[in-house]
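A.B. asks: Task: produce atomic coordinates for the following.
(one chain, ligands or ions: 3)
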Amino acid sequence: MAKLHAFTVYYVKRGRNHRWRCSDVTFWCVDEHLCNQWTQALKELLEMQKSRPKQLLVYINPYGGKRQGKRIYEQKVAPLFSLASISTDVVITEHANHAKDNLFEVNIYKYDGVVCVGGDGMFSEVMHGLIGRMQKDSGIDQNNPKASLVQCNIRIGIIPAGSTDCICYSTVGISDPVTSALHIIIGDCQPLDVSSVHHNNTFLKYSVSLLGYGFYGDILKDSEKKRWMGPMRYDYSGLKTFLSHHYYEGTIAYQPAKQTHGSPRDKESCRTGCYICKKSEKQLAEQTKEHGLKHEEGEEDWKVIKGKFLAINAVNMSCACPRSPKGLSPAAHLADGSADLILVRKCSRFDFLRYLVRHTNQDDQFDFPFVDVYRVKRFQFTSKLSEDNESNVMDIGKKRFGQFCRDHPACCCNIVNSTWNCDGETLDSSAIEVRVHCQLMKLFARGIEENCKDEAAYSQSRIEQLL
Ligand SMILES: CCCCCCCCCCCCC/C=C/[C@@H](O)[C@H](CO)NC(=O)CCCCCCCCCCCCCCC
Ligand SMILES: Nc1ncnc2c1ncn2[C@@H]1O[C@H](COP(=O)(O)OP(=O)(O)OP(=O)(O)O)[C@@H](O)[C@H]1O
Ligand SMILES: [Ca+2]
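C.D. replies: Residues are numbered from 1 along each chain as shown. Ligands and ions are numbered 1, 2, ... in the order given. Below is the predicted model:
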C-alpha cells in the first residue's frame, strides 16, 4: 500500500574452483529516511576502503590468445568497473611493446593500478614498463646486476585473455576474466617476487614465472613461428620438441635461499595469507630499515653443478596453469624472495615423458633420480659452448668453489645452444645471471584461497565483500 524505497547491494559470491561472481540483493523499505540512512552508511563504509582502486590505466592486446581480449574487456569487465565507479583510461595496443613504451611516457602516478588484458606476454610488457619506469625515475641503473631495485607499488591487474595465463592462474587459482575483475575492484594486493636476468652486466629481462632452458626454451622458439595456430601452437611444438629429445651441456652456479623457511619438497602450497611469504615480507622490511636501499649481497656459499640437461627450469612461483594445475613446482612461493631451480638431467624419452606427465597429476615431480630441485636466490648458467669460448662461469666456479660435480663424463653432446624462455619470450643470450628480488611488485590478487570444504564456512563467506 505504502510507497516502497529500495537499494541494491552488489557483492562477490564464491563459486567452485576459486571462481568469483558478482551477485546482487535488493533491500526494500517503506521508510524513505531509513532507506537513505542505509545507503549513506554503506557509501561511507565503501569510501573508507582505501585499497580499492578509483582510477585505472587499461592496456588491451587485441591479438593475444584467441584474439578475444577486446570483447572480453568490453562485455565482461568494463560493466563491472563502471558498477564499482572505477574510471578508466583504455589503450588498445597497436604493436608489440606499445604498452611498455607508453608506461615510460604517461603520468603513471595518477593511477591506482594498471590492468593488462591479454596473456603472460602482455603482463610481462606492463611489468617491464612499470618496473623500468620506477627505476628510471629513481635513478637506478637496471644494467647493474647488483643494484637494489625500487619496489613498484602501483598494482597490476591481469584480465586473462592469452594462451597460457600462467601468472593469473598461479595467483588467483583460475583463469577467469570476471573473477580477476572482482579481485581488482575489491582492491586485493599480492606481492610478487621478480627475477632480474643479466648477461655480462647488460640487463636482459625480468621474469616472474618460468625461466626455462632446453625443453621449454625449444618449445617457445619453435612455437613463435606458429603464432597463427593460437594456443594450439604449444601442443604442436611441444610434441615436436619432445620427439627431438635434445639435451644441452652446461654449468649452473647457484646460491641457496637460506633465509626462506620452506623447501620445494614441502607438501603445503603457498596460499592466501601464506606465513612463509609474510615472514619474508617482515625480513625485507627489517633489511630496508637497517640498510636503506643498500642491500649487501654475500658472495659466499655458491654451489656449482655441471651436466647434461634436457631442461633447466627456474620458477618464481608454482607456474600452475590450466595445462598443469599444480604447476612445475607446486610448493614454490609467490613472495618468499626465492626461486625453485629444477634440473632435469639427460634421461630416456620414456623417463622424460613420465616426468612431463607428473606436471599434470598429483604425483611428486621431483621423485626421479634424474630430477634435482633447489630453492635459490641467485644463479648463473653458462652453456658448454660459451664456456669453451669464454670460460666464465667455469673460471668463477674454479676461483670461488674449487670443486665441481663431475659425475657426468664429457661425450658428444648437442653442439648447439638452446634458448631461454623468459615468461614466454626468448632471450638472445644463453649465458645468464639471475637474481630474485623479493616482492618487487604487487598484483590485484590475494594468492590462491584454500578450498572451503565446510559448507557452513562456505555459506558464511558468500556475502563477504560488498561492492
Ligand atoms: C603427456 C602430457 C604432458 C603434458 C605436459 C604439459 C606441461 C605444461 C606445463 C606448462 C608450464 C607452463 C609454464 C609457464 C610458462 C609461461 O611463462 C609461458 C608464457 O605464457 N608459456 C609457455 O612458455 C608455454 C609453454 C607451453 C608448454 C606446453 C607443453 C606441451 C607439451 C606437450 C608434450 C607432448 C608429449 C607427448 C608425448 C606422447
Ligand atoms: N597490437 C599488438 N600487435 C602485435 N603484438 C602485440 C600487440 N599487443 C601486444 N603484443 C605482443 O603480443 C605478445 C603476446 O601477447 P599475449 O601475452 O597477450 O598473448 P599470448 O602469447 O597468446 O599468451 P601467453 O603469453 O599467455 O602465452 C606480447 O608479448 C605482446 O608484446
Ligand atoms: Ca618465490
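A.B. asks: Could I get the contacting residues of the residue nearest to residue 326 when sequence neighbours are not counted?
C.D. replies: With C-beta to C-beta, 6 or more residues apart in numbering as the measure, residue 320 is the residue that lies nearest to residue 326, at 5.9 Å, once sequence neighbours are left out. To be clear about C-beta, it is placed using only N, CA and C from the backbone, and glycine gets the same treatment. Taking C-beta atoms under 8 Å, 6 or more residues apart in numbering, we find residue 320 in contact with 166, 169, 170, 326, 327, 330, 448.
A.B. asks: following the strand or helix carrying residue 169, which helix or strand comes up?
C.D. replies: Applying DSSP states H and E as the criterion places residue 169 in helix 166-172. Once the chain leaves helix 166-172, the next helix or strand it forms, by DSSP H and E, is helix 177-185.
A.B. asks: chain center to that next one: distance?
C.D. replies: Centroid separation for helix 177-185 versus its chain: 17 Å, with C-alpha atoms, centre = their mean, to the nearest Å.
A.B. asks: now what about that helix, what contacts it?
C.D. replies: By C-beta under 8 Å, 6+ apart, helix 177-185 touches 12, 18-22, 52-53, 56, 72-73, 76-77, 80-81, 84, 86, 113, 115, 157-161, 168, 172, 444-446, 467.
A.B. asks: and this structure, which residues reach ligand 2?
C.D. replies: 61-65, 93-98, 118-122, 125, 162-165, 424 (C-beta under 6 Å from any ligand atom).
A.B. asks: Those residues of this protein touching ligand 3, which are they?
C.D. replies: Contact residues, the chain versus ligand 3 (C-beta under 5 Å from the ion): 193, 316, 333, 336.
A.B. asks: In a markdown table: those, plus neighbour count.
C.D. replies: Below are those laid out as a markdown table (neighbours: other C-beta atoms under 10 Å):
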| residue | neighbour count |
| --- | --- |
| 193 | 25 |
| 316 | 31 |
| 333 | 29 |
| 336 | 30 |
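A.B. asks: Let's have those in JSON lines, adding pLDDT.
C.D. replies: Output for the residues of the chain next to ligand 3, formatted as JSON lines (pLDDT from 0 to 100):
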{"residue": "193", "pLDDT": "98"}
{"residue": "316", "pLDDT": "97"}
{"residue": "333", "pLDDT": "98"}
{"residue": "336", "pLDDT": "97"}
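A.B. asks: Inside strands: which ones of those?
C.D. replies: Members of the residues of the chain next to ligand 3 lying in strands (criterion: DSSP state E): residue 193.
A.B. asks: what's the closest of the residues of the chain next to ligand 3 to ligand 1?
C.D. replies: Closest approach to ligand 1 among the residues of the chain next to ligand 3 (C-beta to the nearest ligand atom): residue 316, at 10.2 Å.
A.B. asks: Next up, the contacts around that closest one.
C.D. replies: Neighbouring residues of residue 316 by C-beta under 8 Å, 6+ apart: 192, 193, 194, 195, 207, 208, 209, 332, 334, 339, 436.
A.B. asks: hmm, 6 Å instead?
C.D. replies: Residues near residue 316 by C-beta atoms under 6 Å, 6 or more residues apart in numbering: 193, 195, 208, 339.
A.B. asks: Now do the third one against residue 339, distance only.
C.D. replies: This points to residue 208. Separation of residue 208 from residue 339 (C-beta to C-beta, to the nearest Å): 10 Å.
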